[in-house]
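Asks: Here is a sequence with its predicted model. Questions after.
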Amino acid sequence: MELSIIRIEDIAHVGFTAPDLDAMADFLGDFGLQPAGGDADTRYFRGTGSAPFVHRTRRGAAGFAALGLRAESVADLETLAAAEGVAVDDFDAPGGGKVVRLTDPDGYTVEVVAGQKSAAPLPLADSAPVNTARAKARLRATKTSVAQPATVVRLGHCVLGVSDFRASEAWYKARFGFITSDEIAVAPNFSIGAFMRCDRGDTPTDHHTLFLLQGPGGASFNHAAFEVVDLDDLMHGHDHLKAKGRDPDWGVGRHILGSQIFDYWRDPWGHTLEHWTDGDLFTAADGSNIADLPTLMGVQWGMKMPARG
């Protein structure tokens, strides 16, 4: 394995532009995100975790604007900036810190951040233990939950459509040290994408932080995925978004690759955001696999992938 310039430790945020910030804020509230500041032209939203923000919208024509990745240190940002011939700038956003801005092979803006001040985590409602046929952990107590939006805890991953998978894969791995979890092969010696995780050594990390997929749509935003508390929380979120008349995309079901229970919804401009829970975690030593297209598109249970236009 070739050495990368730095190793990122997680995804940090996703950025969008939209012509109506209030409409975006209303949707994100229904989705389960919390306001985290902003001004007349920019809104920030957070989960209940320690990230100062995970979603940013700036006023403008609707579109995907940026992928944020978190480096381990400002020193790593300086190393990256020196290698790329760019500056390390102050990051004018909740949490502050520093940022290096790069442009990937398809023109996506990648904001690599470090030195942010963590936000105080917001409280999570207690989850009652689950009784199964194998073990009874909840005794002499009932299990109840409150109808409300899902509780988004953190941003987990982003999926980007790319024009040349191998070129984009090489670019991201060379700079950020991503490890392939599952590569999607459609024929011998021809792959169209890969689920890639962060290299955190012996520390388990999400099955994927970034998924690059080469398809007929070329370079286009696919979706961003936000972790919720558990299955009950995800289902409450589903019911709330449905009651609010929001636009469903796909779900509920359980993926094969990554194993997440998923539920996809579209914001008012058609950008897909996912609720997920119960995903796989791997270390750097766990290696990589090859999967086919039916496995990518398949589910272990639940709603099958809708036909795409």
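Replies: It's in. Numbers count the residues shown, from 1 in each chain.
Asks: Buried ones in stretch 189-199, by neighbour count?
Replies: By neighbour count on 16 or more other Cβ atoms under 10 Å, the buried set for stretch 189-199 is 191-199. Bear in mind the C-beta positions are built from the backbone N, C-alpha and C, glycine included.
Asks: Could you save the residues you listed as TSV and add columns showing pLDDT, distance to residue 215 and secondary structure?
Replies: Formatted as TSV, these follow (pLDDT from 0 to 100; distance: Cβ to Cβ, whole Å; DSSP: H, G, I helix; E, B strand; the rest coil):
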residue	pLDDT	distance to residue 215	secondary structure
191	97	12	strand
192	98	7	strand
193	98	8	strand
194	98	13	strand
195	98	15	strand
196	98	17	strand
197	98	21	strand
198	98	24	coil
199	98	26	coil
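Asks: Nearest to residue 104 among those residues?
Replies: Nearest to residue 104 among the buried residues of stretch 189-199, counting by Cβ to Cβ, is residue 196 at 13.2 Å.
Asks: so who does the residue nearest to the spatial centre of the chain touch?
Replies: Per Cα atoms, centre = their mean, the C-alpha nearest to the average position across the chain is that of residue 157, at 2.2 Å. Going by Cβ atoms under 8 Å, 6 or more residues apart in numbering, residue 157 touches 11, 206, 208-211, 224-225.
Asks: Return the subset of those residues lying in strands.
Replies: Under the assignment DSSP state E, the contacts of residue 157 contribute 11, 206, 210-211, 224-225 to strands.
Asks: so where's this structure shaky on pLDDT?
Replies: Scanning the chain for pLDDT under 70 picks out 1, 309.
Asks: Looking at the contacts of residue 157, point me to the pair that's furthest apart.
Replies: Distance extremes for these: the farthest pair is 206 and 224 at 13.2 Å, using Cβ to Cβ.
Asks: Adding distance to residue 245, write the buried residues of stretch 189-199 out as TSV.
Replies: Below are the buried residues of stretch 189-199 laid out as TSV (distance: Cβ to Cβ, whole Å):
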residue	distance to residue 245
191	39
192	35
193	33
194	36
195	32
196	35
197	36
198	37
199	42
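Asks: Just name the closest of those to residue 242, please.
Replies: Nearest to residue 242 among the buried residues of stretch 189-199, counting by Cβ to Cβ, is residue 195 at 28.6 Å.
Asks: Chain neighbours aside, what residue packs nearest to that closest one?
Replies: For residue 195, ignoring the flanking residues on the chain, the nearest one in space by Cβ to Cβ, 6 or more residues apart in numbering is residue 208 at 3.7 Å.
Asks: How many residues are close by that neighbour?
Replies: Using other Cβ atoms under 10 Å as the criterion, residue 208 is surrounded by 29 other residues.
Asks: taking the buried residues of stretch 189-199 as a set, which two sit the farthest apart in space?
Replies: Farthest-apart pair in the buried residues of stretch 189-199 is 192 and 199; separation 22.9 Å (Cβ to Cβ).
Asks: most surrounded residue in the ones in strands among the contacts of residue 157?
Replies: Counting by other Cβ under 10 Å, top hit in these: residue 225 with 26 neighbours.
Asks: and which of the buried residues of stretch 189-199 is nearest residue 178?
Replies: Looking across the buried residues of stretch 189-199 and measuring by Cβ to Cβ, the closest to residue 178 is residue 196, at 3.9 Å.
Asks: is it true that the closest one touches residue 182?
Replies: No - between residue 196 and residue 182 there is no contact under Cβ atoms under 8 Å: 9.1 Å.
Asks: Could you name every residue contacting both of the two?
Replies: Residues within reach of residue 196 and of residue 182 at once, by Cβ under 8 Å, 6+ apart, are residue 208.
Asks: List just the nearest of the buried residues of stretch 189-199 to residue 293.
Replies: residue 192 (7.9 Å).
Asks: any idea how far that closest one lies from residue 165?
Replies: 6 Å (Cβ to Cβ, to the nearest Å).
Asks: what residues do these two have in common as contacts?
Replies: Counting by Cβ under 8 Å, 6+ apart, the contacts common to residue 192 and residue 165 are 213-214.
Asks: Could you verify that residue 296 is part of a helix?
Replies: Yes - assigned with DSSP: H, G, I helix; E, B strand; the rest coil, residue 296 falls within a helix.
Asks: the strands in the stretch 101-250 of the chain, which residues?
Replies: All strands of the stretch 101-250 of the chain, identified by DSSP state E, counting those that start in this stretch, fall at 109-114, 152-162, 179-187, 190-197, 205-206, 210-214, 220-228, 247-255.
Asks: Please name the strands paired to the first one in the sheet, noting orientation.
Replies: Here the strand partners of strand 109-114, with direction, are listed using DSSP bridges: strand 63-71 (parallel), strand 98-103 (antiparallel).
Asks: quick one: which of those strands is nearest residue 217?
Replies: Using Cβ to Cβ, the strands paired with strand 109-114 put strand 63-71 closest to residue 217, at 12.7 Å.
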